[in-house]
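Student: Please work out how this folds:
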Amino acid sequence: MASGIEAVGEAMTGAVVAGAVEPGHGEGGAAAHGNCLNCGTPLKGHYCHACGQNGHLHRSLGGFAHDIMHGVLHFEGKFWNTLPLLLIKPGELTRRYIAGERAKFVSPVALFLFSVFLMFAVVNNLAGSWSANEYRSLTRANIEQEIGDLEERATRLESRIEKARAAGEDTAELEQRLASTRENIEVTRLFADKVKPAAEVEKDTFKTGWAKLDKGIAAVNDNPDLFLYRMQTSAYKFSWLLIPLSLPFVWILFFWKRQYRFYDHLVFVTLSITFMSLLVTTLTILGALGVSSTAIALAAMIVPPLHIYKQVRGAYRSRRITALFRASFLVMSAFVALSLFLSILLVMGIMK
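Tutor: Residues are numbered from 1 along each chain as shown. Prediction:
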């Protein structure tokens, strides 16, 4: 119960932060009249042109609820204008925002903040804690289970062979299957002897030569479960680092094209990471609802490259072959950026 409340709190925090950085444009109703209640300037539209305060103020419970809904998810149009394009036509959304269509869309920064907080809240609440030691012992446990199943099969075959011999029936086929089963048992046992259980797994002695990073790696080896826990509970605070880490990989694909600036790539990267965060959130929820892990794994492998391809092709008006090459490069670059992100977390002392 506490974890669920904490998860909701994290999601609401992200929404509030996103709302705080999201500018309000084109969200007023009918034009206001009279003077601004904040600075006294005569009103000529929805907002005061001197201080920016909304000309329509309210003092009701309904209005307070309206402020919450608006501040959290921008239900007044921006959110629903932005989300479908982000999901289906990310390139068009990127291009239109860069070109100057800002009033109708949630800003990339606000959407990024909301999606990241939401992702970590959902993952922490639905995915639960993951034990690295349990994963390490999973292979050994599966092998031992396989050996047990093979031995039961061999016992059943031996029983069938005895009954067939007593009845005077031909046992050649059964004996061949028994020999094959026994051979599989021996091969599986040999493999099992080479797989150490979790308690006997040797510590990784890999050294980078960078003292702080090596110290972080050693801490992960000493207590991998703590690292996973810290990743689940603290990594969102540094998630913004993924943007500058990913930016150079996009820039290098277009550095000779003067019509594209760093700002354009920044919008591209921010919206792309936002979509990936929403994808992780969605897949986590589907997993909690009982959708097969195979379907989730396929979606995780297929959807991100396809989305990056559509965004590159639409945002930079690339041809199909060129967009495919650039998308492939960006998919590989994403793993590099993620590795750098994890390394930075270790250097910054996330294990402390």
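Student: for Glu169, helix, strand, or coil?
Tutor: Classification of Glu169 by DSSP: H, G, I helix; E, B strand; the rest coil places it in coil.
Student: Pull the contacting residues for it.
Tutor: Listed by Cβ atoms under 8 Å, 6 or more residues apart in numbering, the contact set of Glu169 is empty. C-beta coordinates here come from the backbone N, C-alpha and C atoms, glycine included.
Student: Which strand or helix spans Leu342?
Tutor: helix 320-347 (DSSP states H and E).
Student: List the buried residues of that helix.
Tutor: Neighbour counts over helix 320-347 (16 or more other Cβ atoms under 10 Å) mark 323, 326-327, 329-330, 333-334, 337, 341-343, 345-346 as buried.
Student: Determine the set of other helices and strands touching that helix.
Tutor: Applying 3 or more Cβ pairs under 8 Å, 6 or more residues apart in numbering; DSSP states H and E, one finds that helix 320-347 makes contact with helix 211-222, helix 242-254, helix 293-315.
Student: Of the ones you listed, which is nearest Glu186?
Tutor: Nearest to Glu186, of all the helices and strands packed on helix 320-347, is helix 293-315, at 31.2 Å by Cβ to Cβ.
Student: Output the contacting helices and strands for the closest one.
Tutor: Packed next to helix 293-315, using 3+ Cβ pairs under 8 Å, 6+ apart, are helix 90-99, helix 262-288, helix 320-347.
Student: related to what we said a few turns ago, okay, the buried residues of helix 320-347 in CSV with pLDDT and distance to Cys51 next?
Tutor: Output for the buried residues of helix 320-347, formatted as CSV (pLDDT from 0 to 100; distance: Cβ to Cβ, whole Å):
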residue, pLDDT, distance to Cys51
Ala323, 95, 45
Arg326, 96, 45
Ala327, 96, 45
Phe329, 96, 47
Leu330, 96, 43
Ser333, 95, 44
Ala334, 93, 43
Ala337, 93, 41
Phe341, 87, 40
Leu342, 82, 45
Ser343, 82, 46
Leu345, 77, 41
Leu346, 75, 46
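Student: could you dump these to CSV with distance to Ala154?
Tutor: Below are the buried residues of helix 320-347 laid out as CSV (distance: Cβ to Cβ, whole Å):
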residue, distance to Ala154
Ala323, 56
Arg326, 55
Ala327, 51
Phe329, 52
Leu330, 52
Ser333, 51
Ala334, 48
Ala337, 51
Phe341, 50
Leu342, 46
Ser343, 49
Leu345, 50
Leu346, 48
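Student: For Met276, give its distance to Glu162.
Tutor: 60 Å (Cβ to Cβ, to the nearest Å).
Student: Next: Glu144.
Tutor: 28 Å.
Student: the more surrounded of these two?
Tutor: Between Glu144 and Glu162, counted using other Cβ atoms under 10 Å, Glu144 has the larger neighbour count: 15 against 12.
Student: Name the helix or strand for the more buried one, please.
Tutor: helix 132-166.
Student: His33: neighbour count?
Tutor: Neighbours around His33, by other Cβ under 10 Å: 9.
Student: Which residues are in contact with it?
Tutor: Leu43, Gly55.
Student: at 10 Å instead, please
Tutor: Pro42, Leu43, Lys44, Gly55 (Cβ atoms under 10 Å, 6 or more residues apart in numbering).
Student: thought the second one was touching Gly52?
Tutor: Yep, that's Leu43 we're talking about. No - counting by Cβ atoms under 10 Å, Leu43 does not reach Gly52; the two are 11.8 Å apart.
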